[in-house]
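> Predicted coordinates and the sequence they were generated for:
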Amino acid sequence: MKLNQEVLIVGGGPSGLILANELLRRRVPVRVIEKRPGPSHTTRAMTVHARSMEMFEHMGLAHRLEEVCLECPGNIYHFPHLEEKDQPRTDYRTLPTRFAFYYKINQNDFEQVLREHLFSQYSLRPEYHTELVGLIQIGDYVEATIRMPNGTEERLLYPWAVGCDGVRSFVREAAGITFPGDDVAAMAMMDVQLEHVTFDDRWMNYYFDKDLFMNCTKLPGKNWRIYMSEPTGDYVFAKDQRKAFQEVADRLKIGFTIGEPEWATTWQIRNNIAERYRNGHAMICGDASHVHSPSGGQGMNGCMQDAFNLGWKLASVWHRQSEESILDSYERERKPIGEQISQGAMATHEIVMGFGIDPKERYHLTQEEGWEERTTHLVSGLSHNYAQVVKIPSGLSVVSGPQAGERAPDAMLVEEPRKRLYDVLRHPGFSLLIVPGSNRDSDLAFARQVKAKINEQFPDCVETVLISEHSDHTFDADHYVSDDVKEFADRYKIQKEGRFIIVRPDIYIGMTCLPKEADSLVDYLQQWFHSANAAVSTENRLELVNA
């Protein structure tokens with residue numbers, strides 16, 4: 001049987017395309033198969049949130065997505081008993097990010113941007129009408145039986161197979177991973193042109209009463225997206241969808257007139273999360289691992305972040321820089337996020353689809369202290385973190401600023417020509433940010449020593465960058481930048497003693513410490529990578545110069 005060294009990605013949707021990108025940019029060969037006959041021409045998911053845009057900026061894709069999106073300031077909750085000026089809102093324009101909003105996008109356009117990027121950068125396209133029909137584990141490989149477009153089947157061995165193949169994942173079933181959960185409600189949606197719209201079409205507008213729900217907003221192009229739900233199924237599963245949607249809109253007194261739908265569908269909202277995310281050399285990602293209410297539009301974003309987390313870890317294992325055991329951190333970090341997304345979606349679901357409960361009795365959910373800030377940070381992905389599960393060396397001093405496992409915030413470093421922290425981090429590996437303290441000469445000398453030791457211990461794994469008012473010959477133009485604006489020092493709470501910060505490839509803080517604790521950098525990195533010296537001797541440990 002032929003042994004193929006590619007990573008097999010099953011599913012050519014957003015999760016599969018992101019995973020392919022993250023592996024290819026780290027020189028890992030991939031094969032993407034998709035059982036659909038061709039690229040999707042319909043819109044399903046339609047929101048891209050701030051943390052995803054930060055990810056796309058890191059990947060070099062944000063500028064292209066901005067060209068095919070519409071900016072949305074947030075959501076308006078139209079309680080029938082309130083005046084328009086009093087309606088609760090979740091306004092994303094207050095978020096602490098350069099992407100203080102969320103984008104509305106047609107998923108088919110979105111996937112096309114991802115495919116164009118893969119083809120232009122890596123000459124890779126998904127193989128359509130190509131279906132995985134068998135998967136078994138054989139030692140350190142998986143045997144995949146793949147049905148080709150002409151109906152023939154091929155059997156190949158792959159080192160890894162990742163199921164990005166949706167709610168009904170074949171990979172998940174073949175790997176024996178259970179998917180417990182419950183049905184929540186039935187939902188219908190359509191893309192359609194509207195007339196006589198009177199509300200602000202920039203926002204996502206939630207309309208509801210005791211027994212009906214409708215959500216509507218403008219999409220890029222000519223169409224609007226409308227979601228509709230109710231507990232009986234009489235409207236959701238009606239044969240004449242246009243008539244059903246119009247009747248619900250009229251009952252909710254929204255006021256618009258619905259045209260002929262360009263596309264419509266119905267489905268059962270499910271709330272499921274996989275028992276585990278990996279079995280041997282078979283893994284699952286995205287909707288294959290968790291699915292929940294579409295309230296808040298988090299689904300596609302969470303799925304893509306799964307792939308962003310998995311990609312660099314799987315690449316490191318494939319290159320034999322790391323032990324296979326680091327892949328266990330994928331589930332350990334991402335499953336709690338999947339649960340957070342589910343809980344957050346259900347919280348919004350209770351507000352807008354709490355059928356049988358009068359909206360006046362649901363209103364208090366929007367009036368809880370901190371509700372708007374908590375909701376926008378959660379739904380945008382900015383509050384997602386791994387702080388409870390990351391491993392850092394013991395005994396480190398408590399420092400202010402972003403902590404291990406939290407999102408690494410961006411910051412302007414130099415205004416002209418522009419240089420941001422995310423520009424410094426835009427590469428496939430870990431980043432070690434060295435911020436010297438007030439003792440210029442000794443601190444820079446120590447920075448040189450730290451850089452040399454990290455490069456020696458973890459070659460090609462870590463980019464060491466000096467952020468300082470004073471340059472040093474050891475750090476070339478690609479590894480030195482001045483914090484002219486002082487925004488970085490402010491957001492990371494840098495004090496006069498200086499700081500060492502490791503940022504992971506997925507733009508999360510790995511660890512942060514004082515310069516005197518530099519030995520802990522090696523200890524931290526050893527959990528991810530093989531050290532060039534398997535046992536770091538006392539002589540090889542870092543020692544503060546001129547302490």
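Looks like it came in fine.
> Output the longest helix belonging to this structure.
Criterion DSSP state H: the longest helix present in the chain is helix 328-352.
> Average pLDDT for that helix, rounded please.
Averaged over helix 328-352, pLDDT sits at 89.
> With stretch 176-191 instead?
For stretch 176-191, mean pLDDT is 91.
> buried stuff in it?
For stretch 176-191, the neighbour count (16 or more other C-beta atoms under 10 Å) marks 177, 179, 181, 184-191 as buried. The way it works is simple: take the backbone N, C-alpha and C, and place the C-beta from them, glycine included.
> between those residues, which is nearest residue 66?
Of all the buried residues of stretch 176-191, residue 191 has the smallest distance to residue 66: 21.4 Å, by C-beta to C-beta.
> pLDDT averaged over the helix or strand harbouring residue 58 - what is it?
Assessed by DSSP states H and E, residue 58 sits inside helix 50-59. Model confidence over helix 50-59, given as mean pLDDT, is 97.
> now for the longest helix of the chain, which elements pack on it?
strand 181-192, strand 204-208, strand 263-273, strand 278-279, strand 290-291, helix 299-318, helix 371-380 (3 or more C-beta pairs under 8 Å, 6 or more residues apart in numbering; DSSP states H and E).
> re earlier: so which residues lie in contact with the helix holding residue 58, not counting its own?
Contacts with helix 50-59, where a contact means C-beta atoms under 8 Å, 6 or more residues apart in numbering, come from 21-22, 25, 48, 62, 65, 92, 95, 97-103, 117, 301, 304-305, 308, 380-382, 384, 407, 410, 422, 425-426, 506-507.
> Check the offset of it from the chain's centre.
8 Å (C-alpha atoms, centre = their mean, to the nearest Å).
> after that helix comes which helix or strand?
helix 62-66.
> Run the chain-centre distance for that following helix.
With C-alpha atoms, centre = their mean, you get 16 Å for helix 62-66.
> Could you list the buried residues of it?
Within helix 62-66, the residues that count as buried by 16+ other C-beta under 10 Å are 62, 65.
> For it, give me every contacting residue.
48, 53, 56, 103, 105, 110, 113, 116-117.
> Go again with 7 Å.
48, 53, 56, 103, 113 (C-beta atoms under 7 Å, 6 or more residues apart in numbering).
> One more: stretch 21-30?
Applying C-beta under 7 Å, 6+ apart, the contact partners of stretch 21-30 are 5-7, 9, 20, 59, 117-118, 122, 124, 307-308, 311-312, 314-315, 318, 428.
> rewinding a little: among the contacts of helix 50-59, the buried ones, what's the ChimeraX command?
To isolate the buried members of these in ChimeraX, using 16+ other C-beta under 10 Å:
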select :21,22,25,48,62,65,92,95,97,99,100,101,102,103,117,301,304,305,308,380,381,382,384,407,410,422,425,506,507
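> mind listing which of the contacts of helix 50-59 are in strands?
The strands, defined by DSSP state E, take in 48, 102-103 from the contacts of helix 50-59.
> if you go through the stretch 401-547 of the chain in chain order, where are the strands?
Secondary structure of the stretch 401-547 of the chain (DSSP state E, counting those that start in this stretch): strands located at 412-414, 419-420, 430-435, 462-467, 480-481, 499-503, 509-513.
> which regions of the protein lie under the pLDDT threshold?
For the chain, applying pLDDT under 70 flags the ranges 532-547.
> one more time with 50
Where the chain drops to pLDDT under 50, the residues are 534-547.
> circling back: wait, which of the buried residues of stretch 176-191 is closest to residue 332?
residue 177 (15.6 Å).
> mind listing what the closest one touches?
Residue 177 touches 274-276, 279, 284, counting by C-beta under 7 Å, 6+ apart.
> 6 Å instead?
Residues counted as contacts of residue 177 (C-beta atoms under 6 Å, 6 or more residues apart in numbering) are 274-276, 279.
> Which members of the contacts of stretch 21-30 are classed as buried?
6-7, 9, 20, 59, 117-118, 124, 307-308, 311-312, 314-315, 318.
> Among the residues you listed, which one lies nearest to residue 84?
Using C-beta to C-beta, these come closest to residue 84 at residue 308, 39.0 Å.
> Residue 162 versus the closest one, what's the distance?
Counting by C-beta to C-beta, to the nearest Å, the gap from residue 308 to residue 162 is 13 Å.
> who wins for most neighbours among the contacts of residue 177?
Sorting the contacts of residue 177 by how many neighbours each has (other C-beta atoms under 10 Å) puts residue 274 first, at 23 neighbours.
> For the helices and strands packed on helix 328-352, give me TSV that also has distance to residue 326.
Listed next are these as TSV, based on distance: least, C-beta to C-beta, whole Å:
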stretch	distance to residue 326
strand 181-192	28
strand 204-208	38
strand 263-273	22
strand 278-279	11
strand 290-291	21
helix 299-318	5
helix 371-380	27
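> quick one: which of the ones you listed is nearest residue 39?
Among the helices and strands packed on helix 328-352, strand 263-273 comes nearest to residue 39, with 14.7 Å by C-beta to C-beta.
> Which single one of the contacts of residue 177 is nearest to residue 44?
Distances from residue 44 to the contacts of residue 177, taken as C-beta to C-beta, are shortest for residue 274 (20.7 Å).
> Many thanks, have a good one.
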